[in-house]
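**Student:** Next input, structure requested:
(chains A and B)
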Protein chains: 2
Amino acid sequence: MPHIQSSDRQRPAGTSGPARDVALNRRILDAVLDLLEKQGYSAFSMNQVAAHAGVAKSTIYRRWVSKEDLVADALEGIILPKASEEEVRPTNLRDDLVVSLIHSSGCLQRTDHRFVRLFSGVNSAAPEVGKAITGRYIAHQYEALKNCLLLACGRGELSAAKTADLLSPDDLKLAAIVSLLIAQDDVLGKTLDEKGIAQLVDGVCLPLMTQG
Amino acid sequence: MPHIQSSDRQRPAGTSGPARDVALNRRILDAVLDLLEKQGYSAFSMNQVAAHAGVAKSTIYRRWVSKEDLVADALEGIILPKASEEEVRPTNLRDDLVVSLIHSSGCLQRTDHRFVRLFSGVNSAAPEVGKAITGRYIAHQYEALKNCLLLACGRGELSAAKTADLLSPDDLKLAAIVSLLIAQDDVLGKTLDEKGIAQLVDGVCLPLMTQG
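**Tutor:** A predicted model of the protein is given here:
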């Protein structure tokens, strides 16, 4: 079994810690993406990552337990390429969902060739790393939906009881929404564009979240 | 590209035609399942299928264009192992959905080791055959849902307009339900059992189909 950290660990690589560490992490992760692009998953070694990033190998191993973990983190870093709190200005549940889902599924667009291409290469060469990245993508989508629900609850758009029901682990409503995002290529034969995400919000998310 | 017939062709192998042909088809498909089980996808040849089923190779090629097509048909045959019109006695939308989804997702249950095991072997060895089988599974699920909706419409439980909306290719409600069935292992970390299917029907299907 490869060592891959789960997505709910405390330290999301390259996104926290002292500024110097953040920059160093970023350099290492960029080196990984670059090597993935040029050589493919199977062909490069941790030595090459170290050389390419200009750091000692021990510097990498202090941060990541394995090549698998490092690659999963590097790809997770481009799942949400434009993530920024400021971009999303909460308004109402519908618009928050549209903005949030367009944002969090942006990496799946065929126009964002980089993620789709690198992910598909990694997934063929190392299905268990692909599975770990899919797991992190799912966690991001749940997080995005949960965030919209909590904002709506705070504004009084959703009752506390309804919000709690939707967030209960037994409830399958959020799971159905996340599943459609995950399986859209297989089930719809296409990737949802901005119009498709709006249809998802109006036709599926809002009926499930606000009715009944 | 392997030759694999799509699932909407006119002749689902082994399920129509003269009785003699049905029995012959069944023997060939059973031989394939047996060889898949014993040797794995990559190891067996069409010659072996012919020998194992006791038929001429030309008899097989008159029915299936390639090994890929034959394997896809053999696995499709166990997607719905208990398919029988008589088993499902239409009652009301809710109960029809429960019965139908339990039936049509039966092959995904871990207790039905055979499909899960054979599919996973084929999917690793020949991802394009896996993809074709997934496509047929999706088509079966859509068909099952559509059937329940048309029955409900016929009984007056759903209006014709609502039914037409749900069946429109732009609508994503059925797609969300099918996606959850497809992606349940990734998204939920488990396979839905009978209780889970009832939760899916009450928590997701009925709100999407009958409200709004």
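**Student:** Buried residues in the one helix or strand in chain A whose mean pLDDT sits lowest, which are they?
**Tutor:** Lowest by mean pLDDT, DSSP states H and E among the helices and strands of chain A is helix A:113-125, with a mean of 81. Under the neighbour-count criterion of 16 or more other CB atoms under 10 Å in any protein chain shown, helix A:113-125 has A:115-116, A:118-119, A:121-123 buried. Placement of C-beta: from N, CA and C, glycine included.
**Student:** Nearest to A:Cys148 among these?
**Tutor:** For the buried residues of helix A:113-125, the closest approach to A:Cys148 (CB to CB) belongs to A:Phe115, at 22.7 Å.
**Student:** hang on, isn't that closest one packed against A:Ala74?
**Tutor:** No: look at A:Phe115 against A:Ala74 with CB atoms under 8 Å: they stay out of range, at 10.8 Å.
**Student:** so A:Gly156, which of the three states?
**Tutor:** Per DSSP: H, G, I helix; E, B strand; the rest coil, the local secondary structure of A:Gly156 is coil.
**Student:** nearest residue to A:Leu192 other than its sequence neighbours?
**Tutor:** A:Gln184 (5.6 Å; CB to CB, 6 or more residues apart in numbering or on different chains).
**Student:** pLDDT of the helix or strand A:Leu33 falls within, averaged?
**Tutor:** If you go by DSSP states H and E, A:Leu33 is part of helix A:19-39. Mean per-residue pLDDT for helix A:19-39: 89.
**Student:** Just want the angle from that helix to helix A:113-125.
**Tutor:** 70 degrees (axes from the mean of the first three to the mean of the last three CA atoms, to 10 degrees).
**Student:** Helix A:19-39: which residues count as buried?
**Tutor:** Judged by neighbour count using 16+ other CB under 10 Å, the buried positions of helix A:19-39 are A:24-25, A:28-29, A:31-33, A:35-36.
**Student:** and if you look at stretch A:177-186?
**Tutor:** A:177-184, A:186.
**Student:** any chance of the residues you listed in a markdown table, with pLDDT and secondary structure too?
**Tutor:** Shown next, in a markdown table, are these (pLDDT from 0 to 100; DSSP: H, G, I helix; E, B strand; the rest coil):
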| residue | pLDDT | secondary structure |
| --- | --- | --- |
| A:Ile177 | 97 | helix |
| A:Val178 | 95 | helix |
| A:Ser179 | 95 | helix |
| A:Leu180 | 95 | helix |
| A:Leu181 | 92 | helix |
| A:Ile182 | 89 | helix |
| A:Ala183 | 90 | helix |
| A:Gln184 | 89 | helix |
| A:Asp186 | 88 | helix |
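**Student:** Report all helices and strands that the least confident helix or strand of chain A contacts.
**Tutor:** helix A:19-39, helix A:67-77, helix A:127-154 (3 or more CB pairs under 8 Å, 6 or more residues apart in numbering or on different chains; DSSP states H and E).
**Student:** center of chain A - which residue?
**Tutor:** In chain A, the residue lying closest to the centroid (CA atoms, centre = their mean) is A:Tyr137, at 3.6 Å.
**Student:** Quick check: closest non-adjacent residue to it.
**Tutor:** Counting by CB to CB, 6+ apart, the nearest residue to A:Tyr137 once its immediate chain neighbours are dropped is A:Ile79, at 5.6 Å.
**Student:** quick one: contacts of stretch A:24-35?
**Tutor:** Applying CB atoms under 8 Å, 6 or more residues apart in numbering or on different chains, the external contacts of stretch A:24-35 come out as A:13-14, A:17, A:44, A:48-49, A:52-55, A:59-60, A:63, A:70-71, A:73-75, A:77-78, A:114, A:118.
**Student:** any idea how far A:Tyr142 is from the residue lying closest to A:Gln141 once chain neighbours are set aside?
**Tutor:** Leaving out its chain neighbours, the residue that sits closest to A:Gln141 by CB to CB, 6+ apart is A:Val178, at 4.7 Å. For A:Val178, the distance to A:Tyr142 equals 6 Å [CB to CB, to the nearest Å].
**Student:** and what of A:Ser120?
**Tutor:** According to CB to CB, A:Ser120 stands 23 Å off from A:Tyr142.
**Student:** who in chain A is up against chain B?
**Tutor:** By CB under 8 Å from any CB of the partner chain, the residues of chain A that approach chain B are A:131, A:134-135, A:138, A:170-173, A:175-180, A:182-184, A:186-188, A:196, A:199-200, A:203-204, A:207-208, A:211-212.
**Student:** Buried members of those residues into PyMOL, please.
**Tutor:** Selecting only the buried entries of the residues of chain A next to chain B in PyMOL, with 16+ other CB under 10 Å as the criterion:
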select buried, chain A and resi 134+135+138+171+172+173+175+176+177+178+179+180+182+183+184+186+187+188+196+200+203+204+207+208+212
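**Student:** Am I right that A:Ile79 is in contact with A:Thr134?
**Tutor:** No: the criterion here is CB under 8 Å, and A:Ile79 misses it with A:Thr134 at 10.2 Å.
**Student:** any low-confidence regions in chain A?
**Tutor:** A:1-19, A:80-88, A:106-113, A:212 (pLDDT under 70).
**Student:** Show me how it divides into domains.
**Tutor:** Chain A breaks down by the TED database into domains covering A:18-64, A:93-210.
**Student:** And for A:Asp165, nearest residue in space, chain neighbours not counted?
**Tutor:** Nearest residue to A:Asp165 in three dimensions, chain neighbours excluded: A:Asp171, at 5.9 Å (CB to CB, 6+ apart).
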